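Trainee: sequence unknown, structure follows:
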């Protein structure tokens, strides 16, 4: 997608180096970092230089591919195994990370010699990233059908291109609609506590020159009530067999409010987000993150221009910080997948697999 | 109420000076400011040293009382009129401000000489503040009946003692319950964009030694869904004839979520908050405040310990910032008034007037 008029991806491979946009310094600084080996790539994932399941997966795939490319021919399998371990330990719960590294390793080791294995690893990492981009584009094409010539969309958190290699999930329909000449306006929930909406989604939209306004998460219901939201599109961290969706904290609130106000509420998700081992949202554990994310906020200090963390509440006060919530399927109008828009229920989910 | 074990009020009169807690520096610094004349008091109101309709009203009353006390006997009425004008211009939409200044002026000018007028003005300002405190205590007594021996209450924004002279509205039942030996736990919505929950309500609760946790506004629905909220109590900026309530942005969201989860949702309000000239919430105009409140956050910088404003979103992004929203009466279980707990409808509201 566009950054100041130039086209970028979140992460890519260039001359045996993994290059990626440094996301923690966004939106105040646009910077490309490059990494030379699997250790560095794993560290970047751990420190959230890159985030979002899709983007993490592709990054790990590239990381293992450069490990293969740089491995000695004598200890080829051992060195790949070592790199794989390091990469998989970087964010142990991200499903895509495992999927990408497993495929790249398989490709590297299934060739008859190390030389061919190196080429195969690089080719596989590139192919998987390409497939992900295509899958997001399909989501975009499917979701675009939901958008009228003039649409006001509300989104929560960041399920944009920065969370994938390109296009994104929830944002892909918006980018497709823009390219089709439709006039789209986006309400961007700032998405406390980590503010991915204000920091990342708004930055993506500004670069794509799509009209948008950031709002306090508290204001989403007000704009729905006033009839200023035509539909909602959000991403998903996990979709259960019955269509219940785990996503960023606050998604459940917005879904209930959308239903109450008769506004369609869509979840956009690639197939890898569906977890067919999970019967319903009740089985999905909710990660409790550090209370500091709530007690503090981070941004660019007005006085110094530097990144600064500020405390918001009294030192005596504690906070609770569930990172995700569960939106029961009954609040979801449909799930936008690369294979079409389906209802959030067992039957329709089974059909696409 | 308690501040580090000592008892304070939000604002009081002491030797012809108006003293008040400096609220913008809370919760990181506890400081009492004093003001010698109506000009200084008006400036303090304008700069939000004191905020909350009830506290502003009492402050303005005290401001006019000291203006009367210091006025020349020769130009008594003129000087009071001048002070009144300055005070009324400080926050022109706050109803209580007008009510308090009008009563104090009336008291000053209805005596047969300036000397007696001065005494009457001081006495009236004190009496009005005392009445407000009593009214808040009545709200506390009424609302306390709703709280079981162990209750988990969710509140939004700050309708605590800092918003009045003492006790508060939404928080008064909690303080009464604590004193009755009940075990109360409070979920404190941080209340973006101005964070009155994180900054003020949590500070009040910490000082009263009442268990609480600050949460992102996004997490309120999640805790309701999980069955961890027994009831909600919020304040009100204005109550319409039909029971619709205008309150801090986000109140509507939490009310809808409470109803969806079968959780009682109460609004606490003194009689002065009811606006019987307004038929329904649709007639209440919503103040749109500066977008900077959303694009920035303010707190105590970790690096310097100083108050710092940080930018959260890209410089290219705009924000929308409605300060209030309307909660239709159908989402409100009851309104806690000094005269009892009533249903939010025309009939019951008429009865208490």
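Mentor: Looks like it came in fine. Source: prediction; values computed, not measured.
Trainee: quick one: contacts for residue A:328?
Mentor: By C-beta atoms under 8 Å, 6 or more residues apart in numbering or on different chains, residue A:328 lies in contact with A:244, A:281. For glycine as for every other residue, the C-beta is placed from the backbone atoms N, C-alpha and C.
Trainee: what parts of the stretch 51-200 of chain A come near chain B?
Mentor: If contacts are counted using C-beta under 8 Å from any C-beta of the partner chain, the residues of the stretch 51-200 of chain A sitting beside chain B are A:187-188, A:190-193, A:195, A:198-199.
Trainee: so which of these are in strands?
Mentor: The strands in this structure, assigned by DSSP state E, contain A:187-188 from these.
Trainee: which two in the residues of the stretch 51-200 of chain A next to chain B are spaced the farthest apart?
Mentor: Within those, two members stand farthest from each other by C-beta to C-beta: A:187 and A:193, at 19.2 Å.
Trainee: those two: who's more crowded?
Mentor: More crowded of residue A:187 and residue A:193, by other C-beta atoms under 10 Å in any protein chain shown: residue A:193, with 30 against 22.
Trainee: show me what the helix or strand hosting residue A:96 is packed up against.
Mentor: When elements are assigned from DSSP states H and E, residue A:96 belongs to helix A:95-109. For helix A:95-109, the helices and strands in contact under the criterion 3 or more C-beta pairs under 8 Å, 6 or more residues apart in numbering or on different chains; DSSP states H and E are helix A:53-70, helix A:76-88, helix A:114-144.
Trainee: repeat the analysis, applying 10 Å as the threshold.
Mentor: Counting contacts by 3 or more C-beta pairs under 10 Å, 6 or more residues apart in numbering or on different chains; DSSP states H and E, helix A:95-109 packs against helix A:38-46, helix A:53-70, helix A:76-88, helix A:114-144.
Trainee: buried stuff in it?
Mentor: Residues of helix A:95-109 classed as buried under the neighbour-count rule (16 or more other C-beta atoms under 10 Å in any protein chain shown) are A:96-101, A:103-105, A:107-109.
Trainee: and if you look at stretch A:204-212?
Mentor: Neighbour counts using 16+ other C-beta under 10 Å place A:204-208, A:210, A:212 of stretch A:204-212 among the buried residues.
Trainee: ok, stretch A:253-271 next?
Mentor: Here stretch A:253-271 shows A:253-261, A:263, A:265-270 as buried, counting by 16+ other C-beta under 10 Å.
Trainee: surely residue A:146 forms part of a helix?
Mentor: No: Residue A:146 sits outside any helix when classified using DSSP: H, G, I helix; E, B strand; the rest coil, being coil.
Trainee: that older thread, next step: the buried residues of stretch A:204-212 restricted to strands.
Mentor: Among those, the subset assigned to strands under DSSP E consists of residue A:212.
Trainee: among the helices and strands packed on helix A:95-109, which is the most enclosed?
Mentor: Of all those, helix A:53-70 has the most neighbours on average by mean count of other C-beta atoms under 10 Å in any protein chain shown, namely a mean of 28.
Trainee: that one to helix A:95-109, inter-axis angle?
Mentor: Counting by axes from the mean of the first three to the mean of the last three C-alpha atoms, to 10 degrees, helix A:53-70 points 20 degrees away from the direction of helix A:95-109.
Trainee: please work out the average pLDDT along helix A:53-70.
Mentor: Per-residue pLDDT values over helix A:53-70 give a mean of 97.
Trainee: for it, name the packing helices and strands.
Mentor: So helix A:53-70, by 3+ C-beta pairs under 10 Å, 6+ apart, packs with strand A:11-14, strand A:17-21, strand A:32-35, helix A:38-46, helix A:76-88, helix A:95-109, helix A:114-144.
Trainee: so what strands line up beside the second one?
Mentor: It refers to strand A:17-21. For strand A:17-21, sheet partners with direction are given as strand A:11-14 (antiparallel), strand A:32-35 (antiparallel), following DSSP bridges.
Trainee: any chance of those strands in JSON lines, with mean pLDDT too?
Mentor: Listed next are those as JSON lines, based on pLDDT from 0 to 100:
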{"stretch": "strand A:11-14", "mean pLDDT": "97"}
{"stretch": "strand A:32-35", "mean pLDDT": "98"}
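Trainee: now render those as JSON lines, adding mean neighbour count.
Mentor: As requested, the strands paired with strand A:17-21 are arranged in JSON lines below (neighbours: other C-beta atoms under 10 Å in any protein chain shown):
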{"stretch": "strand A:11-14", "mean neighbour count": "20"}
{"stretch": "strand A:32-35", "mean neighbour count": "16"}
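Trainee: out of the buried residues of stretch A:204-212, who's near chain B?
Mentor: With C-beta under 10 Å from any C-beta of the partner chain as the criterion, these include A:204-207, A:212 near chain B.
Trainee: what is the most widely separated pair among the residues you listed?
Mentor: A:207 and A:212 (11.1 Å).
Trainee: mutual contacts of the two, please.
Mentor: Taking C-beta atoms under 10 Å, 6 or more residues apart in numbering or on different chains as the criterion, residue A:207 and residue A:212 both touch residue B:316.
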